[in-house]
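Enquirer: Generate coordinates for the sequence data below:
(chains A, B, C and D)
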There are 2 protein chains.
Amino acid sequence: MSARRTELTRAAARLFAEKGYHGTSIGDLAEAMGVQKGSVYAHIESKADLLWEVAREGAAAFHAALDSVPDEGPVVERIRAALRAHLRVVAEQLDVATVFVREWRYLAGDRREEFIAERRRYEERLRALFREGRELGELRTDLDDATAALLALSAANWAYTWLRPGLDTDELADRFTALLLDGMRGYASR
Amino acid sequence: MSARRTELTRAAARLFAEKGYHGTSIGDLAEAMGVQKGSVYAHIESKADLLWEVAREGAAAFHAALDSVPDEGPVVERIRAALRAHLRVVAEQLDVATVFVREWRYLAGDRREEFIAERRRYEERLRALFREGRELGELRTDLDDATAALLALSAANWAYTWLRPGLDTDELADRFTALLLDGMRGYASR
DNA sequence: CCACCTTCCGAACGATCGTTAGTTTTCGCA
DNA sequence: TGCGAAAACTAACGATCGTTCGGAAGGTGG
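Expert: Numbering: from 1, shown residues only, chains lettered A, B, ... in the order given. Modelled structure (predicted):
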């Protein structure tokens, strides 16, 4: 893929995140590239291609982040690592993450189905961590792991709305992890 | 507001939630009403009016839900009540909640500012519960209450993506509350 | 029965949409 | 230096966008 084509994808990610897919016109893309709008079609076949490309890039980034989490070791540490990896992707590729979480639904046809499958697979990989933690006894044995995974996933998926590049995402992830692990109830009331 | 006008607002909430604000045309609205698209303007002055109305309805619903939470009593119970109230609104007014969480950003000008202020106020009201819990010693005194509130808010704001009408939102809220309070760490590792 | 108000129709508006086509410019490389 | 590919330009396409307008139903209350 040519350098110019890559620039176009970057501009698409930024504008789709900022104004939404339907709120971004080919003219907007062209203006961001400093080019006439017809020229955009030297690089793509359709506007939908750009959405597909950014969405796939997001899926790849989040899956790659999860790949960095070891398969073994204490589950608690692996959950912390997964949260760290996720938030790092959000902070470092905020536009792509935004499209991944919010704009993907404007995908159409087979691409939409394929994306949803990838998204579900990502959620399953995260969920498995919590289930394994319960089964191995590293988390409480009476844990509602589906709800726990949903809570963690909510924090991860909502992050694009408030996370700003430059924040210490590792520390943020650790704060979330600490809360998820130990809760917020006072010692006296245990 | 006439009955017909109310129908239009309902259709707008549904379509904005389903296809997005920019993905919904006046023609779509008209078709949902069984009417020619020009006729829609017997009820509104602009498409933006409908977005504003639905967004305001959402803000009112969530604030009203929080109003039902008592000002006194155990903080833990008030947090549970707030989560219950929030999830109930999401389940019972899913379209409105979706616009409130996701589509509001297409508001323009003063309306956008006003909405953001209302949204911030809602978040502040929730945050205050956690801060109060820490200060009164009902939650752990070393609690990172900002993060705790953010975690709860993430669960609340993400709910529109998976919550379906008919689910027992009280039970879901209680599961979240239980997790937030006691965490998921195994007893053995405390 | 008439006046009024709400609602809708049908046609049209200028603007903008995504996309296509033919041509021209730019530029790295043989 | 010249060739070929990549990139951009210009102009236009049909479709659809949000919106306007004059007039016609339809029902309600005086």
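Enquirer: burial of the closest residue to A:Glu92 other than its chain neighbours, as a residue count?
Expert: Counting by CB to CB, 6 or more residues apart in numbering or on different chains, A:Glu92 lies nearest to A:Pro165, which is 7.0 Å off, once chain neighbours are set aside. All C-beta spots, glycine's among them, are computed from the backbone N, C-alpha and C. A:Pro165: 10 surrounding residues under other CB atoms under 10 Å in any protein chain shown.
Enquirer: can you check A:Ala159 too?
Expert: Neighbours around A:Ala159, by other CB under 10 Å: 25.
Enquirer: so what's it up against?
Expert: By CB atoms under 8 Å, 6 or more residues apart in numbering or on different chains, the contact list for A:Ala159 reads A:His86, A:Leu87, A:Val90, A:Ala97, B:Ser154.
Enquirer: Confirm that it lies within a helix, as I assumed.
Expert: Yes. Inclusion of A:Ala159 in a helix is indicated when DSSP: H, G, I helix; E, B strand; the rest coil is applied.
Enquirer: For the contacts of A:Ala159, which single residue is the most surrounded?
Expert: Result: A:Val90 is most packed of those (other CB under 10 Å), 29 neighbours.
Enquirer: Is it within a helix or a strand, and which one?
Expert: In this structure, A:Val90 sits in helix A:75-92 according to DSSP states H and E.
Enquirer: Which helix or strand lies directly C-terminal to that helix?
Expert: helix A:94-98.
Enquirer: What average pLDDT does that next one get?
Expert: Computed over helix A:94-98, the mean pLDDT rounds to 98.
Enquirer: The next helix or strand after it: which residues count as buried?
Expert: Heading C-terminal from helix A:94-98, the first helix or strand you meet, by DSSP H and E, is helix A:109-135. Residues of helix A:109-135 classed as buried: A:Arg111, A:Phe115, A:Glu118, A:Arg119, A:Tyr122, A:Leu126, A:Arg127, A:Leu129, A:Phe130, A:Arg131, A:Gly133, A:Arg134 (neighbour count, 16 or more other CB atoms under 10 Å in any protein chain shown).
Enquirer: quick one: the first one from chain B, how far?
Expert: Read it as A:Arg111. Using CB to the nearest CB, to the nearest Å, A:Arg111 is found at 16 Å from chain B.
Enquirer: ok, now the fourth one?
Expert: Plainly put, A:Arg119 is 11 Å away from chain B if you go by CB to the nearest CB.
Enquirer: Which residue, neighbours along the chain excluded, lies closest to that residue?
Expert: Here the residue nearest A:Arg119, using CB to CB, 6+ apart, is A:Ala59, at 6.9 Å.
Enquirer: Which residues does the helix or strand that contains the one you found contact?
Expert: In this structure, A:Ala59 sits in helix A:47-67 according to DSSP H and E. With CB under 8 Å, 6+ apart as the test, helix A:47-67 has contacts from A:8-9, A:12-13, A:16, A:21, A:26, A:29, A:44, A:82, A:85-86, A:88-89, A:93, A:95-97, A:99-101, A:103-104, A:106-108, A:111, A:115, A:118-119, A:121-122, A:125-126.
Enquirer: Which two of the contacts of A:Ala159 have the greatest separation?
Expert: Farthest apart among the contacts of A:Ala159 by CB to CB are A:Ala97 and B:Ser154. That separation is 14.5 Å.
Enquirer: if we can go back for a sec, can you narrow the buried residues of helix A:109-135 to ones near DNA strand C?
Expert: Among the buried residues of helix A:109-135, no residue is within reach of DNA strand C (CB under 7 Å from any atom of the strand).
Enquirer: Can you tell me which of the residues you listed is nearest DNA strand C?
Expert: Using CB to the nearest atom of the strand, A:Arg111 comes nearest to DNA strand C of those, at 13.3 Å.
Enquirer: Quickly note the distance from the closest residue to the closest one other than its chain neighbours to A:Asn157.
Expert: Closest residue to A:Arg111 apart from its sequence neighbours, by CB to CB, 6+ apart: A:Trp52 at 5.1 Å. Relative to A:Asn157, A:Trp52 is positioned 20 Å away (CB to CB, to the nearest Å).
Enquirer: now swap in A:Thr6 and tell me
Expert: From A:Thr6 to A:Asn157 the distance is 27 Å (CB to CB).
Enquirer: next one: A:Ser39
Expert: In terms of CB to CB, A:Ser39 sits 36 Å off from A:Asn157.
Enquirer: in chain A, what spans have low per-residue confidence?
Expert: Counting by pLDDT under 70, the ranges of chain A that qualify are A:187-190.
Enquirer: Going through the contacts of helix A:47-67, which ones are buried?
Expert: Looks like the contacts of helix A:47-67 have A:8-9, A:12-13, A:16, A:21, A:26, A:29, A:44, A:82, A:85-86, A:88-89, A:93, A:95-97, A:99-101, A:103-104, A:106-107, A:111, A:115, A:118-119, A:122, A:126 buried, using 16+ other CB under 10 Å.
Enquirer: Good, wrapping up.
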